[in-house]
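could you work out the structure for the sequence below:
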Amino acid sequence: MNKQFVLSCESPADLPFSKLDERGIKVLFYNYIIDDKEYEDICGRSQAKREEFFKAIENGALPTTSQVNSMTYYDYFKELLKEGDVLHLAFTSGLSGSCNNAFEAVKMIEEEGEETHKVIVVDSLCACTGFGMFVEDVADKWEAGASLEEAAEYARNDRGTIRHQFFATDMKMFKRSGRVNGPTALVAAVLGICPVMHIDDNGKIVAYSKARGKKAVMKATVDEIVKSLNDVNADHGNMYISHADCIEDCMEMKRLIEENVPCFRDKITICEIGTIIASHCGPTTVAVFYHHDNGR
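Modelled structure (predicted):
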């Protein structure tokens, strides 16, 4: 492998840290807050701490997160620049202001004019393990010897090819975090209706349809996957299904997809939604990520 630059991402990519570390990908960790105490994103490094996180939610805690500020990015990038040029893949600007702070940090570094190497930041427009899939795609090019500029251009083109399809049977935390509007969440709670959601071309959550009950929303999700593919028998690569403390629903989703979308049989990896994303979506969320043909 002829890696020509440093590749970096952020912990809401929701892949186990060990998987990223094995490939040499640097990770900037976000933090979450419970009862005024700040914790570093677990990122698959401790199952016990993950269980504590969801137990706290079960007991009434409402985790929050905060943006990564520009000085944190500045310090992080300055350290990476000691190793060479840097391509940093940022969590979607559609759900967090952190990405804009990353661009601001790069501007600060460039204005100093002291570095012989440079940082390029690409807004992933992706979230959760869809972000992780995006990082893996770029890492493949990186490991194949792509230049910094080639990999950055590939990243800007690739980010629109990853479908984010998800639902939750409890919309309380989506509403609290502002990811879904109040009326949508209220209707879901009162009538038992589950919004069918995805990430749009701007990296924002869109609740574009609805279904009554878990069984119906899973069917709607499968129908949408089929609709997004030109040929369900063609090779569309791998799929990730992630869950926030609801493994049974995740496995049922896997079963339905393998039954109805042949191209993903034996190509599905189960992942866990991390503490940063789960702070906004809460338990009961199941998300599906894959490369599609027909738009986000």
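
and the helix or strand hosting Ser209, which strands flank it?
Secondary structure assignment for Ser209, by DSSP states H and E: strand 205-212. The strands that strand 205-212 pairs with in its sheet are strand 193-199 (antiparallel) (by DSSP bridges).

related to what we said a few turns ago, next structured bit after the strand holding Ser209?
Scanning forward in sequence from strand 205-212 by DSSP H and E, the next helix or strand is helix 214-227.

tell me which residues are up against that next one.
163, 165-167, 169, 194, 196, 198, 209-211, 232, 249, 252-253, 256-257, 260-261, 288, 290, 294 (CB atoms under 8 Å, 6 or more residues apart in numbering). Every residue, glycine included, has its C-beta placed from N, CA and C.

any idea how far that helix is from the chain center?
Relative to the centre of its chain, helix 214-227 is centred 20 Å away, using CA atoms, centre = their mean, to the nearest Å.

pretty sure Leu28 contacts Phe77?
No - the criterion here is CB atoms under 8 Å, and Leu28 misses it with Phe77 at 9.3 Å.

strands along the stretch 1-150 of the chain, start to end?
Assignment of strands within the stretch 1-150 of the chain using DSSP state E, counting those that start in this stretch yields the ranges 6-10, 26-28, 31-34, 37-40, 64-65, 86-90, 119-123.

out of the ones you listed, which is closest to Arg156?
Of all the strands of the stretch 1-150 of the chain, strand 119-123 sits nearest to Arg156, with 6.0 Å by CB to CB.

in its sheet, what does that closest one sit against?
Partners of strand 119-123 in its sheet, by DSSP bridges: strand 86-90 (parallel).

which pLDDT value goes with the residue lying closest to Gly145 once chain neighbours are set aside?
Spatial nearest neighbour of Gly145, chain neighbours left out: Asn2 (4.1 Å); criterion: CB to CB, 6 or more residues apart in numbering. As predicted, Asn2 sits at a pLDDT of 80.

Asn2: neighbour count?
Applying the criterion other CB atoms under 10 Å, we find 8 residues in the vicinity of Asn2.

who's in contact with the residue most central in space within the chain?
Residue closest to the average C-alpha location in the chain (CA atoms, centre = their mean): Cys128, at 1.8 Å. Contacts for Cys128 (CB under 8 Å, 6+ apart) come out as 12-14, 164, 166, 242, 273-274, 277, 287, 289.

any chance of the residues you listed in JSON lines, plus neighbour count, distance to Val68 and pLDDT?
Supplementary listing: those in JSON lines, determined by neighbours: other CB atoms under 10 Å; distance: CB to CB, whole Å; pLDDT from 0 to 100:
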{"residue": "Pro12", "neighbour count": "31", "distance to Val68": "10", "pLDDT": "97"}
{"residue": "Ala13", "neighbour count": "30", "distance to Val68": "14", "pLDDT": "98"}
{"residue": "Asp14", "neighbour count": "27", "distance to Val68": "16", "pLDDT": "97"}
{"residue": "His164", "neighbour count": "26", "distance to Val68": "21", "pLDDT": "97"}
{"residue": "Phe166", "neighbour count": "27", "distance to Val68": "23", "pLDDT": "94"}
{"residue": "Ser242", "neighbour count": "25", "distance to Val68": "22", "pLDDT": "98"}
{"residue": "Ile273", "neighbour count": "28", "distance to Val68": "19", "pLDDT": "97"}
{"residue": "Gly274", "neighbour count": "28", "distance to Val68": "15", "pLDDT": "96"}
{"residue": "Ile277", "neighbour count": "29", "distance to Val68": "15", "pLDDT": "96"}
{"residue": "Ala287", "neighbour count": "29", "distance to Val68": "22", "pLDDT": "97"}
{"residue": "Phe289", "neighbour count": "28", "distance to Val68": "23", "pLDDT": "98"}
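
could you export those as a markdown table, including secondary structure and distance to Gly84?
Formatted as a markdown table, the contacts of Cys128 follow (DSSP: H, G, I helix; E, B strand; the rest coil; distance: CB to CB, whole Å):
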| residue | secondary structure | distance to Gly84 |
| --- | --- | --- |
| Pro12 | helix | 25 |
| Ala13 | helix | 22 |
| Asp14 | coil | 27 |
| His164 | strand | 32 |
| Phe166 | strand | 36 |
| Ser242 | strand | 32 |
| Ile273 | coil | 33 |
| Gly274 | coil | 28 |
| Ile277 | helix | 30 |
| Ala287 | strand | 34 |
| Phe289 | strand | 30 |
